[in-house]
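Colleague: when you get a sec, could you give me coordinates for this:
(one chain, ligands or ions: 1)
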Amino acid sequence: MTQLKNKHFVLGLTGGIACYKAAELCRALMKDGASVQVVMSEGATQFITPVTMQALSGRPVFLSQWDARESNNMAHINLTREADAILIAPASAEFVAKLLHGRADDLLSLMCLARPIDKVPLIVAPAMNKEMWGNPATQRNMVQLKHDGAHVLDVGAGDQACGEVGDGRMLEPEQILEALKAHFTEKLLEGRRVLITAGPTYEAIDPVRGITNLSSGKMGFALARACSRAGAQVTLISGPVSLETPVGVERIGVISAQQMYEATQERVQNADIFIAAAAVADWRVHLAGEQKIKKGKDRTVPQLELVENPDILKTVASSPRALTQELYCVGFAAESENLEELATAKRVSKGVPLLIANVGPQTFGLDENALLLVDESGTRELPWASKDALSDELVKEIATRISRA
Ligand code: C5P
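Modeller: The predicted model follows:
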């Protein structure tokens, strides 16, 4: 179950080219089990039609405070009373200026003003040209809007529809969705610093070849998002994967196990929780070729000498802070058989209080997984579910254990 299941949103669109992203956002909300009531300003209808938004949300769109479809003619009251939040995406500079002056000359602004302020949060995703965004008036308005209790999301940077480059783009629908999930997540890891390793490592044989594995990094990235949603400050040390960096998460990119080991050692002193989700190569090539190894005329096969990589988890778990549980360590085990037996033994050999086992070949590359949690008191199964949902469950398990430690 996601944080957005059965939540009801009023999605307000104001005039801006980013209206096209609001269509995607509406779909994504519905896909996550939320219901959406769209309200559009007149400006928004210049960019996208109410027909599109009605088709995507499955509800008639409201445009005017004089809409006679509501029997009491009070759409500005009725629409928000059952809402879990009002989300303005995109929020134009003009609309933000209107909001903070308490103006109410169209349905959307009227509805925001008339919302029960303690019950219905107002979440705002600004979208505008970089000069408009940087203008002191806009920045002053944003400060005031936050002060008045609205949740103002970040803006993205990059190419803008006008051809200029800079800050002010509306966040991508996926990022807004993540921010909404965070909004509705209990802050079980507030103030905690979490260090996570994720993905495969790549051990060079020569400059064009290497040894790696099938880990996609999806479980580690899902964990990073879940910890961040739960209020933690997250650092993610990732091997070579092409996944998006979760918003608000610091990402350190590494290639080899040795680099992952060094990056972890540098940062683990500042962590309260260490989660080793990476599939670290056990061995590396002793002397990787400086140039591409060529096939010889006599077709002799090169003999690779392998040496063992440092065990990152084991090293961290045996450090003084881990032994006193000032640093809480969580390991993973990807097995292909005898999950319970192998995971129980691995937990002891790694010296961690909690080990999470999964059947590697069954989940590599997928968005779903099934987990077996192993600690000193026994095991608990988390059945097949999305890696996001499983990560939320793991956050709860970890939070309970560290509050006891
Ligand atoms: O020994 P094995 O690779 O099965 O152990 C898996 C666990 O140990 C995972 O948590 C993985 O991230 C961690 N590990 C590590 N450094 C290694 C090998 C594994 O941190 N060199």
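
Colleague: flag every residue of the chain that's near the ligand.
Modeller: 197, 257, 276, 278, 280, 309, 311-313, 331-333 (C-beta under 6 Å from any ligand atom). For every residue, glycine as well, the C-beta is placed using N, CA and C.

Colleague: residue of the stretch 51-200 of the chain nearest the ligand, please.
Modeller: The stretch 51-200 of the chain approaches the ligand most closely through Thr197 (5.6 Å), counting by C-beta to the nearest ligand atom.

Colleague: confidence score at the closest residue in space to Leu188 that isn't next to it in sequence?
Modeller: Distance criterion C-beta to C-beta, 6 or more residues apart in numbering; nearest residue to Leu188, sequence neighbours excluded, is Ala399 at 3.9 Å. Ala399 is assigned 97 on the pLDDT scale.

Colleague: the residues of the chain next to the ligand in helices, which ones?
Modeller: Cross-referencing those with the helices (criterion: DSSP state H) gives 257, 312-313 as the overlap.

Colleague: show me where the stretch 1-150 of the chain has helices.
Modeller: For the stretch 1-150 of the chain, the helices defined by DSSP state H, counting those that start in this stretch occupy 19-31, 42-45, 50-57, 75-81, 93-100, 107-113, 130-134, 136-147.

Colleague: which of those helices sits most buried?
Modeller: helix 107-113 (a mean of 23; mean count of other C-beta atoms under 10 Å).

Colleague: ok, which stretches of the stretch 151-300 of the chain are strands?
Modeller: Per DSSP state E, counting those that start in this stretch, the stretch 151-300 of the chain carries strands over the ranges 151-152, 156-159, 165-169, 193-198, 203-206, 209-211, 233-238, 250-253, 273-276, 283-285.

Colleague: rank the ones you listed by pLDDT, which is bottom?
Modeller: Mean pLDDT, when computed for each of these, is lowest for strand 156-159, at a mean of 89.

Colleague: give me the distance from that one to the chain's centre.
Modeller: How far strand 156-159 lies from its chain's middle: 19 Å, per C-alpha atoms, centre = their mean, to the nearest Å.

Colleague: sheet-wise, list the partners of that strand with their directions.
Modeller: Using DSSP bridges, the strands paired with strand 156-159 are strand 165-169 (antiparallel).

Colleague: got the domain boundaries for the protein?
Modeller: For the chain, the structural domains run 8-183, 193-404, going by automatic domain parsing.

Colleague: got the end-to-end distance for the last one?
Modeller: In other words, domain 193-404. Taking C-alpha to C-alpha, to the nearest Å, the first and last residues of domain 193-404 lie 17 Å apart.

Colleague: wait, the residue nearest to Leu188 touches Thr185, no?
Modeller: No - here Ala399 does not reach Thr185: they are 11.5 Å apart, not a contact under C-beta atoms under 8 Å.

Colleague: how close does the residue nearest to Trp66 when sequence neighbours are not counted sit to Ile398?
Modeller: Leaving aside its chain neighbours, Trp66 sits nearest to Asn73 (7.6 Å; criterion: C-beta to C-beta, 6+ apart). The gap separating Asn73 from Ile398 is 51 Å, by C-beta to C-beta, to the nearest Å.

Colleague: name the residue in these two with the higher neighbour count.
Modeller: Neighbour comparison, Asn73 and Ile398: the larger count goes to Ile398, with 26 against 13 (by other C-beta atoms under 10 Å).

Colleague: so what's the more buried one up against?
Modeller: By C-beta atoms under 8 Å, 6 or more residues apart in numbering, the contact set of Ile398 is 189, 273, 275, 328, 330, 354.

Colleague: which among those residues end up buried?
Modeller: Buried by 16 or more other C-beta atoms under 10 Å: 189, 273, 275, 328, 330, 354, out of those.

Colleague: got phi/psi on the fourth one?
Modeller: Here is the backbone geometry of Tyr328 (degrees, to the nearest 10): phi -90, psi 120.

Colleague: got the contact list for it?
Modeller: Tyr328 neighbours (C-beta under 8 Å, 6+ apart): 272-274, 322, 353-354, 398, 401-402, 405.

Colleague: just those now: which is nearest the ligand?
Modeller: Phe274 (9.4 Å).

Colleague: thinking again about what came up before, got a ChimeraX select line for the buried ones in the contacts of Tyr328?
Modeller: Applied in ChimeraX, the following selects the buried portion of those according to 16+ other C-beta under 10 Å:
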select :272,273,274,322,353,354,398,401,402
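
Colleague: now intersect the contacts of Tyr328 with the strands, please.
Modeller: 273-274, 354 (DSSP state E).

Colleague: export those as TSV, with columns for distance to Pro383.
Modeller: Formatted as TSV, those follow (distance: C-beta to C-beta, whole Å):
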residue	distance to Pro383
Ile273	24
Phe274	26
Leu354	18
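
Colleague: low-confidence ranges, this structure, go.
Modeller: Scanning the chain with the threshold set as pLDDT under 70 gives 1, 405.

Colleague: show me which of the ones in helices among the residues of the chain next to the ligand is closest to Asp154.
Modeller: Ile312 (32.1 Å; C-beta to C-beta).
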